[in-house]
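Trainee: just need the structure, nothing else, for what follows:
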Amino acid sequence: MHSTGANPTGESTPRAIAAKQFRGYRLLQMHGMVTPKMRARVRTFWLREGALPDALTALRKTVQLLYVIENAAGEIVGVTAAFTAIAPRLGRRVYCYRTFVRPADRVPGLSQFALQASWKMLDASRPLGGPVGLVVAAENPKLERPGVRRKATALGWRYLGRNRRGQNMWIKPFS
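Mentor: Purely as a prediction, here's the structure:
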């Protein structure tokens with residue numbers, strides 16, 4: 001079932017994990033399948049972009065990868081990641097979501113596309129009795145606008161309040 005093929009960077013990836021496409025970008029699923037070569041590429045990306053403070057932190061966070069976002073040239077331009085935790089306001093285990101896209105590639109809709117792909121993949125693969133949803137901390141102040149909040153609610157997201165850092169917290173429960 002998992003025949004392999006080479007991506008533009010020459011790394012062998014399972015074909016059964018079809019890359020998702022968005023306006024010239026590819027999302028490669030990594031959840032539970034991160035190779036040593038991809039760990040090194042992502043660690044280098046995070047450090048080059050200043051997204052994480054040091055190589056050890058970057059290496060530890062590679063186990064949280066959900067998707068790697070590549071441009072048409074096969075360069076990593078972003079990642080999505082999640083870890084599990086107990087949500088204080090819910091008292092239930094959830095996935096806590098993070099994404100990082102380098103500034104030059106922050107095109108409209110890419111982060112939202114990656115978020116939706118990540119939610120769908122986690123929903124489809126979560127274990128019985130596993131996390132109840134995906135929680136996002138809205139770090140970008142633009143996401144606090146009334147129109148954005150209405151759209152999030154219409155897409156199934158529920159507002160949880162603010163975290164200790166003052167960021168709006170949202171959850172999208174799994175099906």
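Trainee: spell out for me which residue occupies the centre of this structure.
Mentor: With distances taken as Cα atoms, centre = their mean, residue 80 lies nearest the centre of the chain, 2.1 Å away.
Trainee: quick one: name whatever helix or strand follows the helix or strand where that one lies.
Mentor: Per DSSP states H and E: residue 80 is located in strand 76-87. Per DSSP H and E, the first helix or strand lying C-terminal to strand 76-87 is strand 92-101.
Trainee: any idea how far whichever helix or strand comes after that following strand is from the chain center?
Mentor: As assigned by DSSP H and E, the chain's next helix or strand after strand 92-101 is helix 110-125. The chain centre lies 7 Å from the centre of helix 110-125; the measure is Cα atoms, centre = their mean, to the nearest Å.
Trainee: those strands in this protein, which residues are they?
Mentor: 4-6, 12-14, 20-22, 25-29, 65-70, 76-87, 92-101, 133-138, 158-162, 168-173 (DSSP state E).
Trainee: what helices or strands is the fifth one leaning on?
Mentor: Under the contact definition 3 or more Cβ pairs under 8 Å, 6 or more residues apart in numbering; DSSP states H and E, strand 65-70 sits against strand 25-29, helix 36-49, strand 76-87, helix 110-125. From N, CA and C alone the C-beta is placed, and that goes for glycine too.
Trainee: please identify the most buried of those.
Mentor: Comparing the helices and strands packed on strand 65-70 by mean neighbour count (mean count of other Cβ atoms under 10 Å), strand 25-29 ranks first with a mean of 21.
Trainee: is it possible to export the helices and strands packed on strand 65-70 to a markdown table including mean pLDDT and distance to residue 148?
Mentor: Output for the helices and strands packed on strand 65-70, formatted as a markdown table (pLDDT from 0 to 100; distance: least, Cβ to Cβ, whole Å):
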| stretch | mean pLDDT | distance to residue 148 |
| --- | --- | --- |
| strand 25-29 | 97 | 22 |
| helix 36-49 | 97 | 25 |
| strand 76-87 | 97 | 19 |
| helix 110-125 | 96 | 10 |
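Trainee: thanks a lot, see you next time.
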